[in-house]
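*Asks:* everything below, folded, please.
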Amino acid sequence: MKKRLISVVCLLVAIGLSVHAQQSRPTGSYEELNDTKPHDSEAMWKQQVKVAQLSWATSNMRYAKFVIPQTKKSLVWNTLAWRGERVNGQALLWSSEELRNVTLEASTLKCGSAVIPAEAVKASFVRYVMTDEYSNEAKGSGCGARPDKSVFDSSIVEDVIDPVKALDVQACSTRPIWVNVWVPQSAKAGIYKGVITVKGENLKPMKLQIAVNVKNRVLPLPKDWKFHLDLWQNPYSVARYENVPLWSKEHFDAMRPVMKELSDAGQKVITASIIYKPWNGQTEDYFSSMIGHTKHLDGSWTYDYTVFDKWVEFMMSVGIDQQINCYTMIPWALSFDYFDEASNEIKFVNAKPGDPAYEAYWLPFLKDFASHLRTKGWFGKTAIAMDERGLEAMKEAIKVIRKADTDWKIALAGSYHKEIEPELYDLCLGIGGNFPPEVKAAREKRGQVSTYYTCCSTNFPNEFTFSPPAEAVWAMWNAAALNFDGFLRWAYNSWTKDPLLDSRFRSFAAGDCYQVYPGGRSSIRMEKMVEGIQDFEKIRLLRDEFKAKGQIDKLKKLNGVVSLFTLENASKHSAEEAVEMARSVLNSY
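*Replies:* From the prediction side, this is the model:
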């Protein structure tokens, strides 16, 4: 009966996936959408750009595709890094003539006899994607229905970091190049130098020089970062886009590069859906239940954990293994699926927390689920998670959870309620909220997690495709400034219909639904977020060091610059200015 239930649930999901499959696009080569925004004329390009141009530029700016870049030309990128740190640089290639089959080649970086291998240096083209805006006078903020895309100001922006081997550069256009250097922890201190060679069929080889000043400080591996990163994954989106059967080998193979990118960012949490449509259909691909619920003729229940186990084991295999958040006991529709043996069909219990039917559905499941998790060795790292639910509903749900097993962990992303705060192992507040100092101290003592989140309702800071790149860094410094343990975002890869082409969505500001792209492609936003997380880790390590050594002046100076990253101080400097100023202090130690 368990296998029968799973087959029915998977069939329903497969039907939905087949509808979208015709609209998906391949993860290989593709053409970007055209930009309708004003841009420099062909005559202007040909007058000012006689031959192909190449230069380093700031990684904190998005450059327009059809506008001649106004940047101070430089062929040398000087940067500083700790051992174990990833650093990002951006260069620009622009030409008035078409450049065919352009390739990028990174050399080994050398410092005397010491080297950073070429494999640790990634040079990729940056692709353009359609975006819109946070709001306009007619439609309001970044949340809410957006059925008419023409109402919002739209344009193409650079964001997709594409490891494609070769790319044509359109005449009278700019093609950004993203360079990432992941310094080995074993690297000796010193200045490492190397080059990126840019060449093509009709392009004379050009070189960009790199000089990485590696300091004698060590950043831990991402799996050992203390920063609690929680970006919610959507496996259903990958199955639809890649047009593969749900939970098949092909599905897991397609997810591996996507989730490995997340693991390398220090992700701590696995997102698991334990009911059908926990968030209704707010994304292009809704979440189905990873656990089958069967009600038998005698009224007893059994549960099938096959898909749940496969998903968790897969995520752990890519290195995400510290926490499992299971959504949710309080879905938006308050409707709970099960297979009814008496009628031989899928049915739903419609009940709110506090109703007898609610407890009758959840209590036997929570008991059985706890037993299963203990058998797998996962109970201690699993939480029953809720998303932006009210106090009274949370109180009733907690009663049922504690009745099932007093040791269950509970998570909530939402508002702060002192009445239930001690019950919440993982409590994430919306930006602007904060914990009273004594409450945060008590949570730390209890080993509980305290984070914050941004979403569609946040104009600044955010990670939309139109957001200035430095805002993703600023947000992580904000976590350090307010003594949070980390950061949450509701959507890591809930892709739109054509995510490589168009990041706009029917309900939220562009890019709100995903931070990375199909085919293992990262983004400027994601790489900048990682930069900020690394800064958070540096701040943590330096604070501990200064306290241990009694270096009060250094600690005071560091804390002073970190304290600037609050919403109250946000108007004093742009995100880029604040980050550059703060890093000058951070990297001086």
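*Asks:* next one: stretch 411-426 to chain centre, how far?
*Replies:* 23 Å (Cα atoms, centre = their mean, to the nearest Å).
*Asks:* that one: end-to-end distance?
*Replies:* 4 Å (Cα to Cα, to the nearest Å).
*Asks:* try stretch 176-193
*Replies:* Distance between the boundary residues of stretch 176-193 (Cα to Cα) amounts to 21 Å.
*Asks:* what residues of it count as buried?
*Replies:* Residues of stretch 176-193 classed as buried by neighbour count (16 or more other Cβ atoms under 10 Å): Pro176, Ile177, Trp178, Val179, Asn180, Val181, Trp182, Val183, Ala187, Tyr192, Lys193. For glycine as for every other residue, the C-beta is placed from the backbone atoms N, C-alpha and C.
*Asks:* got it, and stretch 258-271?
*Replies:* Within stretch 258-271, the residues that count as buried by 16+ other Cβ under 10 Å are 258-259, 261-271.
*Asks:* who touches stretch 29-44?
*Replies:* 64-68, 96, 127-130, 154-156, 164, 171-172, 500-502 (Cβ atoms under 8 Å, 6 or more residues apart in numbering).
*Asks:* no wait, stretch 386-398
*Replies:* Residues contacting stretch 386-398 (Cβ under 8 Å, 6+ apart): 278-279, 327-330, 352-354, 358, 384, 410-415, 417, 419-420, 423, 490.
*Asks:* now with 7 Å, please.
*Replies:* Here stretch 386-398 makes contact (Cβ atoms under 7 Å, 6 or more residues apart in numbering) with 327-330, 353-354, 410, 412-414, 417, 419-420, 423.
*Asks:* please pick the buried ones from the residues you listed.
*Replies:* Here, 16+ other Cβ under 10 Å leaves Tyr327, Thr328, Met329, Ile330, Pro353, Ile410, Leu412, Ala413, Gly414, His417, Ile420, Glu423 buried among the contacts of stretch 386-398.
*Asks:* what is the most widely separated pair among these?
*Replies:* Within the buried ones among the contacts of stretch 386-398, Tyr327 and His417 form the most distant pair, 19.1 Å apart (Cβ to Cβ).
*Asks:* ok so, going back, quick check: the farthest pair among the buried residues of stretch 176-193?
*Replies:* Longest span within the buried residues of stretch 176-193, Cβ to Cβ: Pro176 and Ala187, 27.1 Å.
*Asks:* just the buried positions in stretch 94-102, please.
*Replies:* Trp94, Ser95, Ser96, Glu97, Leu99, Val102.
*Asks:* so what's the closest residue to the first one other than its chain neighbours up against?
*Replies:* Counting by Cβ to Cβ, 6 or more residues apart in numbering, the nearest residue to Trp94 once its immediate chain neighbours are dropped is Thr174, at 4.2 Å. Thr174 sits next to Tyr63, Lys65, Pro69, Leu92, Trp94 when contact means Cβ under 7 Å, 6+ apart.
*Asks:* which helix or strand contains Thr174?
*Replies:* Taking DSSP states H and E as the criterion, Thr174 maps to strand 173-182.
*Asks:* please apply the same query to Leu542.
*Replies:* If you go by DSSP H and E, Leu542 is part of helix 524-549.
*Asks:* switch the buried residues of stretch 94-102 over to a markdown table; also include pLDDT and secondary structure.
*Replies:* Shown next, in a markdown table, are these (pLDDT from 0 to 100; DSSP: H, G, I helix; E, B strand; the rest coil):
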| residue | pLDDT | secondary structure |
| --- | --- | --- |
| Trp94 | 98 | strand |
| Ser95 | 97 | strand |
| Ser96 | 97 | coil |
| Glu97 | 97 | coil |
| Leu99 | 97 | strand |
| Val102 | 98 | strand |
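*Asks:* bridged to Glu105, which residues?
*Replies:* Judged by DSSP bridges, the bridge partners of Glu105 are Thr197.
*Asks:* isn't it right next to Val198, touching?
*Replies:* No: judged on Cβ atoms under 7 Å, Glu105 makes no contact with Val198 at a distance of 8.1 Å.
*Asks:* okay, those two: which has more neighbours?
*Replies:* Shown here are Glu105 and Val198; by other Cβ atoms under 10 Å, Val198 has more neighbours (24 against 14).
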